[in-house]
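*Asks:* Just need the structure, nothing else, for what follows:
(one chain, ligands or ions: 3)
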Amino acid sequence: MKYQGKTDFSHKTPAKVGVLITNLGTPEAPTKPALKRYLKQFLSDPRVVEVPRFVWWFILNGVILNFRPARSAKAYQGVWTDKGSPLLIHTQNQHKAIAEQLVVEFGDKIVVEYAMRYGKPAINETIDKMLAQGVRQLLVLPLYPQYSATTTASTFDAIAQDFTKRRWLPDFKFISHYHDNADYIQAIADKIRAHWDKKGRADKLVFSYHGIPKRYLDNGDPYHCECYKTSRLVADNLALNKDEYITTFQSRFGKEEWLKPYTDHSLQAFPKQGIKSVQVICPGFSADCLETIEEIGEENRDYFIEAGGERFEYIEALNSDPQHIDMLVNLIKTNLANWSGDFTPATETDKFAKEQGATN
Ligand SMILES: C=CC1=C(C)c2cc3[nH]c(cc4nc(cc5[nH]c(cc1n2)c(C)c5CCC(=O)O)C(CCC(=O)O)=C4C)c(C)c3C=C
Ligand SMILES: [Fe+2]
Ligand SMILES: [Fe+2]
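*Replies:* Numbering: from 1, shown residues only. Ligands and ions are numbered 1, 2, ... in the order given. I've put the predicted structure just below:
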């Protein structure tokens, strides 16, 4: 059968609303074979690497997947915990805390799940599980505050791809960004304030975001603007003037130009400009992961200190801070507002079902 459907549908199945939170995904283990599987799926995504497919196939399979997995596995070993990858653990904790709040409010009318764009739990398998529980209205929230085609649109692609195979689609809503959401800005600003209360201020506050190739910005990706807007709104909230903070971009991959200024180059240049202490926050990461713990907290710290910097502090991601969870729950509830009413199937269908002898 071309389209999948339930052949034993019962009109007694209560219709539910589903909330699916997603993030990027992470390897299953910090090992070379697991990294090879993860990187192959991730870097084969045409949203991530916009290079003609046949050219990229040779580069990916001939070069990258022969060298990068070993190097990346080593980096992951440094951040791996007893419970697994930090990104997965934080996402699981976020899911648990969000679900608890929503279930208190909506009871068994709501199903809350999490999935990963790459690796597990996979988006298609999770949607399958949700629809099997009677979800007829599906809200998806990718945990990327700033929209980028490389992340947000790629998540949409995975859902759309799943939907092409289904017979009965749910109502569907997709939150494409929340980079300027007032509660999100407040949560980031309060996180910085809490850090200042403990450690005092530094010469510079650095907002470091994951980069993308500059070509994607030139071709219309709004990510760069959304990062700058987040930084500006947080800086306004903290009453910072322009020379007290900077927006930079980290995690370059490959040889072409990426969004500038680069985080590593900026940190290396600061000590010569008289900036001897920095505090770095990564507002584009809703959860700490390899790119924040290892790349910022270790690699970039070393660059700064080696260049003559004296004090380097990384301010953690919002992870499952209560203020972050409340902010995400509010965002979800706002988007569920006109969905929280009647979930029952259409009357005509019921009438038809009755004529056919159904008992509901
Ligand atoms: C062409 C390559 C990449 C683009 C474009 C890109 C965009 C992008 N990524 C994130 C968030 C994360 N990326 C993470 C890891 C990671 N990213 C790339 C490449 C690109 N990312 C690679 C190859 C890796 C794997 C690690 C490595 O080998 O260096 C992670 C961490 C995942 C984890 O398991 O901890 C996150 C999160 C965003 C937000 C973004 C564009 C906006
Ligand atoms: Fe990335
Ligand atoms: Fe990195």
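
*Asks:* And the next helix or strand past the lengthiest helix in the chain?
*Replies:* With secondary structure taken from DSSP state H, the chain has its longest helix at helix 86-106. The helix or strand immediately downstream of helix 86-106 is strand 110-116, counting by DSSP states H and E.

*Asks:* Output the contacting helices and strands for that following strand.
*Replies:* strand 16-23, helix 86-106, helix 123-132 (3 or more CB pairs under 8 Å, 6 or more residues apart in numbering; DSSP states H and E). C-beta here means a position set from N, CA and C on the backbone, and glycine is covered the same way.

*Asks:* can you give me the angle it makes with helix 86-106?
*Replies:* 170 degrees (axes from the mean of the first three to the mean of the last three CA atoms, to 10 degrees).

*Asks:* How about strand 110-116 and ligand 1, touching?
*Replies:* No - under the criterion of CB under 6 Å from any ligand atom, ligand 1 is not reached by strand 110-116; the shortest gap measures 9.3 Å.

*Asks:* before we move on, what about stretch 225-240?
*Replies:* No - Stretch 225-240 lies apart from ligand 1 when judged by CB under 6 Å from any ligand atom; the minimum separation is 8.5 Å.

*Asks:* who touches that stretch?
*Replies:* Under the criterion CB atoms under 8 Å, 6 or more residues apart in numbering, residues 145-147, 177, 179-180, 184-186, 188-189, 192-193, 205, 207, 209, 244-245, 247, 249, 283-284 lie in contact with stretch 225-240.

*Asks:* mind listing what the closest residue to Pro271 other than its chain neighbours touches?
*Replies:* Nearest residue to Pro271, sequence neighbours excluded (CB to CB, 6 or more residues apart in numbering): Gly308, at 3.4 Å. Taking CB under 8 Å, 6+ apart as the criterion, Gly308 is in contact with Pro271, Lys272, Lys276.

*Asks:* Neighbour-wise, give me the winner out of these.
*Replies:* Using other CB atoms under 10 Å as the neighbour criterion, Pro271 leads these with 19 neighbours.

*Asks:* Residue of the stretch 51-200 of the chain closest to ligand 3, please.
*Replies:* Ala75 (7.4 Å; CB to the ion).

*Asks:* which element is that residue on?
*Replies:* helix 65-79.

*Asks:* In this structure Lys32 contacts Ala73, no?
*Replies:* Yes - in this structure, Lys32 is within contact of Ala73 by CB atoms under 8 Å, at 5.0 Å.

*Asks:* Comparing these two, which residue is more hemmed in?
*Replies:* Shown here are Lys32 and Ala73; by other CB under 10 Å, Ala73 has more neighbours (21 against 16).

*Asks:* Wasn't Arg232 part of a strand?
*Replies:* No - using DSSP: H, G, I helix; E, B strand; the rest coil, the secondary structure at Arg232 is helix, not a strand.

*Asks:* so how many other residues sit close to it?
*Replies:* Around Arg232 there are 17 other residues, counting by other CB under 10 Å.

*Asks:* And Gly84, by the same measure?
*Replies:* Neighbour tally, Gly84, other CB under 10 Å: 15.

*Asks:* and it, bridged to which residues?
*Replies:* Beta bridges link Gly84 to Thr81 when assigned by DSSP bridges.

*Asks:* circling back: which helix or which strand is home to the residue nearest to Pro271?
*Replies:* Per DSSP H and E, there is no helix or strand for Gly308.

*Asks:* Show me what counts as buried in stretch 328-339.
*Replies:* Within stretch 328-339, the residues that count as buried by 16 or more other CB atoms under 10 Å are Leu328, Val329, Leu331, Ile332, Asn335, Leu336, Trp339.

*Asks:* swap in stretch 268-277?
*Replies:* Buried, per 16+ other CB under 10 Å, within stretch 268-277: Gln268, Phe270, Pro271, Ile275, Lys276, Ser277.

*Asks:* Kindly reformat those residues as a markdown table containing distance to ligand 3.
*Replies:* Shown next, in a markdown table, are those (distance: CB to the ion, whole Å):
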| residue | distance to ligand 3 |
| --- | --- |
| Gln268 | 16 |
| Phe270 | 20 |
| Pro271 | 23 |
| Ile275 | 23 |
| Lys276 | 25 |
| Ser277 | 24 |
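
*Asks:* ok, the residues you listed vs Trp258, which is closest?
*Replies:* Of all the buried residues of stretch 268-277, Trp258 sits closest to Gln268, with 16.2 Å by CB to CB.
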